[in-house]
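[1] Quick one, what's the 3D model for this:
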Amino acid sequence: EEKVQKLNSLECEIVISSSWGEDGGKTLERLRAKGLTLPVIGYTEHYYNHWIVRGNEIKKWLEDNMKDEDYQYAILDDDSDMLLEQKEHFVQVDSYEALTDENVEHVRKILNSNIL
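    Numbers count the residues shown, from 1 in each chain. The predicted structure follows:
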C-alpha cells in the first residue's frame with residue numbers, strides 16, 4: 001500500500017507493460033485493492049520473442065496510441081531491457097525494494113521535463 005501511494009502521488013496515467021497486462025486484469029485488481037487511483041490507459045503487447053525487448057513493446061504502444069498527443073513519459077521497471085532512445089525516460093526500480101522516494105522524484109523530473 002505504501003508503494004502504491006507513492007505511485008499515486010505522481011498524478012499521471014499508467015500503461016501496464018508486457019506480461020503484467022496479460023493476466024486477465026489480476027495485476028490491476030491487486031493494485032486497485034492496494035489503493036491505486038491513477039487511470040490505467042492501456043497495456044503493452046508482449047511478443048514472446050527473445051529478440052524483442054520490453055523497450056520495443058513500449059515504443060510500439062506509444063507509436064500506436066500517442067501519435068497525435070503532446071506527452072511526456074517515464075518507464076518504471078526492475079529490468080533494463082529498454083531501447084537506447086528511452087534512457088532519458090527510464091527509472092530502474094530495485095526488484096526487492098520496489099518504488100522508492102528517489103524513484104518517484106526521478107519520475108517527476110522526467111515528466112516535468114521537455115524531453116520527448
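
[2] All the strands of this structure, residue numbers only.
    Remark: strands assigned in the chain by DSSP state E are 14-16, 40-43, 75-77, 90-92.

[3] now, of the ones you listed, which is deepest in the fold?
    The highest mean neighbour count among these, using mean count of other Cβ atoms under 10 Å, belongs to strand 75-77: a mean of 19. Where you see a C-beta, it was placed from the backbone N, CA and C, and this is true even at glycine.

[4] For that strand, which outside residues touch it?
    Residues external to strand 75-77 that are found in contact with it (Cβ atoms under 8 Å, 6 or more residues apart in numbering): 17, 54-55, 58, 82, 86, 89-93, 99, 103, 107.

[5] List buried residues within these.
    Among these, those scoring as buried are 17, 54-55, 58, 82, 86, 89-91, 93, 99, 103, 107 (criterion: 16 or more other Cβ atoms under 10 Å).

[6] Out of those, give me the two with the largest separation.
    G55 and L99 (20.0 Å; Cβ to Cβ).
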